[in-house]
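Trainee: Give me a 3D structure for the following:
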Amino acid sequence: MLDFFTFDGGHSLILWGVLAFGFYMAWSIGANDAANAMGTSVGSKAITFKEAVIIAAIFEFSGAVLAGATVTETMRSGIVDPMIYNEVDIIGTTDGDIIFMLGMLAALVAAALWIHVAATFGWPVSTTHSLVGAITGFALITVGASHIEWGTLAQIVSSWVISPLAGGILGYLLYSIIRRYIFDADDPVRSVKRWSPFLISPVLFVLGLVIWFRALPDEMIEGWGLSTLEIFAINGVLAVLIAAGATYFIRKIDPPEEGAERTAYVAKVERVFRYLQIVTACFVAFAHGSNDVANAIGPVAAVVGTLEAGKITDEVGIPIWVLIVGAVGIVIGLATYGYRVIKTIGEKITDLTPSRGFAAEFGGASTILGASQLGMPISTTHTIVGAVMGVGFARGINSLELGMIWKIIKSWVYTIPVAAGLTIGLFWLFRALWNAFISPL
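Mentor: Model prediction:
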């Protein structure tokens, strides 16, 4: 356990600073990324904003604390090898650990600031890309361009196209199928009863795999001794059993009275999709909490690990209290500031109903799962936005708010250079303050 009172003034300032801004980063993630995950559910009126906060409090927190990474690389981005900061001939000083910790602090502050600014304007941006941009800026001015993994950065930039395109195509196809076989049928209520097993089983199967492969740490799965085939089999059986139970209740839905308007049939069907979307929201919240809490606590863990070891190490353990700090910050961020991004995702791209929101969430989750299994670079934020756009496009180009979409795309392009520039400025400031008040570097 880290003893907070064993460090000298300078190291203590870094520790407390990184803890404070780690919480701020988690708050920003909640305000932007967690809100993005909940946007389709709130925008479609499947759940209220208050219910979204409750779901986040339970599932984001649980995902972060129970399934958050138990061991993380000090720089998850893969942009630069942190061990370089132990090389005196490259860094130019024996205080590489101080340079590294000041850089992590600068990256954390810069990424959190940009995510906060984006949330203020309602722009859904990638928190991972923000941190990648920040670390790139820090690496540029400390170890130089030759030590940066430009191939990794190029893959990330490519995801600006891959993520929304893949999510958009699947969202388009899913909603088109739902509209054709259910809403355009002579009796939509009878159709949803007929097709419900074939609708619910794949949803639960995909969402279950998202938890297995995207949320649970590899060490946990390895500890259970399960092969990929066994995971697929267990997940498939559970999906079918739960879908069978859900179908039983769906088939008990009474049809509207004879002679009722078609809107009455549509309302009955949308109610079914409302419950399906609540389920997807819970899965997405758990997966998001388990994955993206690392964006907030990764730099914190890097600094804490460096202080504990007295040097930079390849891997550092993440104490449970650090995970809790990140989890609490995410929930508070969503509750206090997330309504801005939720409004963008849920209302300002296209008009959403529970069936459309469900198609977007399921399309996004399926895309993310498929890409992760293929090792493709993909952004959760960009994928969900693309899926919402695809659902809107299925109803015609006039159903999309092209002006808002253009603003969102520009915010994605700004993310890496803005985060990098902010980090460079902050690092110079922190280094100057350290030289002036602690000791020359």
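Trainee: quick one: Phe205 and Val237 touch, right?
Mentor: No - here Phe205 lies out of contact with Val237, judged by Cβ atoms under 8 Å, at a distance of 9.9 Å. (Each C-beta comes from the backbone N, C-alpha and C, glycine too.)
Trainee: between those two, who's got more neighbours?
Mentor: Shown here are Phe205 and Val237; by other Cβ atoms under 10 Å, Phe205 has more neighbours (21 against 11).
Trainee: buried residues in whichever strand or helix holds the more buried one?
Mentor: Taking DSSP states H and E as the criterion, Phe205 maps to helix 188-210. For helix 188-210, a neighbour-count test (16 or more other Cβ atoms under 10 Å) marks 188-189, 191-197, 199-201, 203-210 as buried.
Trainee: now do stretch 364-373
Mentor: Buried residues in stretch 364-373 (16+ other Cβ under 10 Å): Gly364, Ala365, Ser366, Thr367, Ile368, Leu369, Ala371.
Trainee: same deal with stretch 177-188?
Mentor: Buried-residue list, stretch 177-188, by 16+ other Cβ under 10 Å: Ile178, Arg179, Tyr181, Ile182, Phe183, Ala185, Pro188.
Trainee: Output stretch 191-205 as CSV, restricted to C-alpha atoms.
Mentor: Extracted in CSV, the C-alpha atoms of stretch 191-205 (Å, rounded to 0.1, in the frame of the first residue of the first chain):
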residue,chain,number,x,y,z
SER,A,191,-44.7,-9.9,-36.1
VAL,A,192,-42.7,-8.9,-33.0
LYS,A,193,-44.0,-12.0,-31.2
ARG,A,194,-43.0,-14.2,-34.2
TRP,A,195,-39.5,-12.7,-34.6
SER,A,196,-38.7,-12.1,-30.9
PRO,A,197,-36.6,-15.3,-30.4
PHE,A,198,-34.5,-14.4,-33.5
LEU,A,199,-34.1,-10.9,-32.3
ILE,A,200,-33.3,-11.4,-28.6
SER,A,201,-31.0,-14.4,-28.8
PRO,A,202,-28.4,-12.6,-31.1
VAL,A,203,-28.6,-9.5,-29.0
LEU,A,204,-27.8,-11.4,-25.7
PHE,A,205,-25.2,-13.5,-27.5
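Trainee: Please renumber the chain so that the first residue is 59 from this point on.
Mentor: In the new numbering, first residue 59, that becomes stretch 249-263.
Trainee: related to what we said a few turns ago, make a markdown table from the buried residues of stretch 235-246 and add pLDDT and distance to His187 to it.
Mentor: Shown next, in a markdown table, are these (pLDDT from 0 to 100; distance: Cβ to Cβ, whole Å):
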| residue | pLDDT | distance to His187 |
| --- | --- | --- |
| Ile236 | 94 | 31 |
| Arg237 | 94 | 33 |
| Tyr239 | 93 | 37 |
| Ile240 | 94 | 37 |
| Phe241 | 93 | 36 |
| Ala243 | 93 | 42 |
| Pro246 | 93 | 41 |
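Trainee: Which single one of these is nearest to Met278?
Mentor: Closest approach to Met278 among the buried residues of stretch 235-246 (Cβ to Cβ): Ile236, at 34.8 Å.
Trainee: How about the contacts made by that closest one?
Mentor: Counting by Cβ atoms under 8 Å, 6 or more residues apart in numbering, Ile236 makes contact with Leu257, Ser413, Phe416, Ala417.
Trainee: which among these end up buried?
Mentor: In the contacts of Ile236, burial by neighbour count holds for Leu257, Ser413, Phe416, Ala417, counting by 16+ other Cβ under 10 Å.
Trainee: So which of the buried residues of stretch 422-431 sit within helices?
Mentor: Assigned to helices by DSSP state H, the following of the buried residues of stretch 422-431 qualify: Gly422, Ala423, Ser424, Thr425, Ile426, Leu427, Ala429.
Trainee: Can you tell me the closest non-neighbouring residue to the last one?
Mentor: Counting by Cβ to Cβ, 6 or more residues apart in numbering, the nearest residue to Ala429 once its immediate chain neighbours are dropped is Ile436, at 3.9 Å.
Trainee: quick one: that neighbour and Pro222 touch, right?
Mentor: No - shown here, Ile436 and Pro222 do not form a contact pair, counting by Cβ under 8 Å, at 9.8 Å.
Trainee: So if I had to pick from these two, which one is more boxed in?
Mentor: Pro222 (29 against 23).
Trainee: Give me the neighbour count for Glu315.
Mentor: The number of residues near Glu315, taken as other Cβ under 10 Å, comes to 7.
Trainee: Report the separation between it and Pro222.
Mentor: Distance of Glu315 to Pro222, given as Cβ to Cβ, to the nearest Å: 43 Å.
Trainee: all strands of the stretch 359-499 of the chain, in order?
Mentor: Under the criterion DSSP state E, counting those that start in this stretch, the stretch 359-499 of the chain carries strands at the ranges 373-375.
Trainee: Show me the shaky parts of it.
Mentor: 372-375, 430-431, 433-435 (pLDDT under 70).
Trainee: What's the per-residue pLDDT of Arg272 here?
Mentor: On pLDDT, Arg272 comes in at 69.
Trainee: One more: Ala95?
Mentor: You'll see Ala95 listed with a pLDDT of 77.
Trainee: got a list of what Gly444 touches?
Mentor: Residues in contact with Gly444, defined by Cβ under 8 Å, 6+ apart, are Ser221, Pro222, Leu223, Ala224, Gly225, Gly226, Gly229, Gly422, Thr425.
Trainee: hmm, try it at 6 Å
Mentor: Contact analysis of Gly444 by Cβ atoms under 6 Å, 6 or more residues apart in numbering lists Pro222, Gly225, Gly226.
Trainee: Do you have the strands of the stretch 59-208 of the chain handy? List them.
Mentor: Taking DSSP E, counting those that start in this stretch as the criterion, the stretch 59-208 of the chain contains strands spanning 129-131.
Trainee: Show me the shaky parts of it.
Mentor: Along the stretch 59-208 of the chain, the parts satisfying pLDDT under 70 run over 59-67, 125-135.
Trainee: coming back round to it: keep only those of the contacts of Ile236 that are in helices.
Mentor: Leu257, Ser413, Phe416, Ala417.
Trainee: now these as CSV including distance to Gly454?
Mentor: Below are the ones in helices among the contacts of Ile236 laid out as CSV (distance: Cβ to Cβ, whole Å):
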residue, distance to Gly454
Leu257, 24
Ser413, 16
Phe416, 20
Ala417, 15
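Trainee: Right, I'll leave it there.
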